[in-house]
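# sequence-free structure coming up:
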């Protein structure tokens, strides 16, 4: 429940998943909250879903806000930049002063350049950001068949 202190939308959580979707305001996740991947073949893209919970205070509803998600490799290479907008409304049965949680799940296939550290950052036009790191390891090559 909102404490009344929040002035602008803020990112409550940012989580990585193998698969995620939002239905009727609820987040459904498979293989969530990971921070490590193992890849045998870096030529094949990896399925990565980014999920966010955004808290929107009462007085900040019914306004459009921007959302940016960036995926960066440790060498500074930007793998993706996804921009979206959202508006959070108030339901007729809302309690005056409450905050509202907007749930976002975005995913795709991303070509990872190689092993190492990566960072996913979510940012709101209100100025709030949240980041998570994940690490990718090269799996050993399978032995050749005789």
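Great, that's in hand. Predicted, not measured: the structure shown is a model, and the values here were computed from it. Residues are numbered from 1 along each chain as shown.

# and the strand or helix carrying residue 81, what's its mean pLDDT?
Counting by DSSP states H and E, the element that carries residue 81 is strand 78-87. Throughout strand 78-87, pLDDT has a mean value of 96.

# contact partners of it?
Applying Cβ atoms under 8 Å, 6 or more residues apart in numbering, the external contacts of strand 78-87 come out as 54, 62-73, 102, 104, 106, 108, 110-113, 118. Glycine gets a C-beta too; all of them are placed from N, C-alpha and C.

# and stretch 34-48, by the same measure?
Identification of contacts with stretch 34-48 by Cβ under 8 Å, 6+ apart yields 16-19, 71, 107-115, 120, 132-139, 141-142.

# just the contacts of strand 78-87: which are in strands?
54, 64-73, 102, 104, 106, 108, 110, 118 (DSSP state E).

# show the buried residues in these.
Among the ones in strands among the contacts of strand 78-87, the ones that count as buried by 16 or more other Cβ atoms under 10 Å are 54, 65, 67, 69-73, 102, 104, 106, 118.

# from the residues you listed, pick the one nearest residue 27.
Ranked by distance to residue 27 (Cβ to Cβ), these are led by residue 104 at 8.8 Å.

# isn't the closest one up against residue 65?
No. Contact between residue 104 and residue 65 fails when scored by Cβ atoms under 8 Å: they sit 11.2 Å apart.
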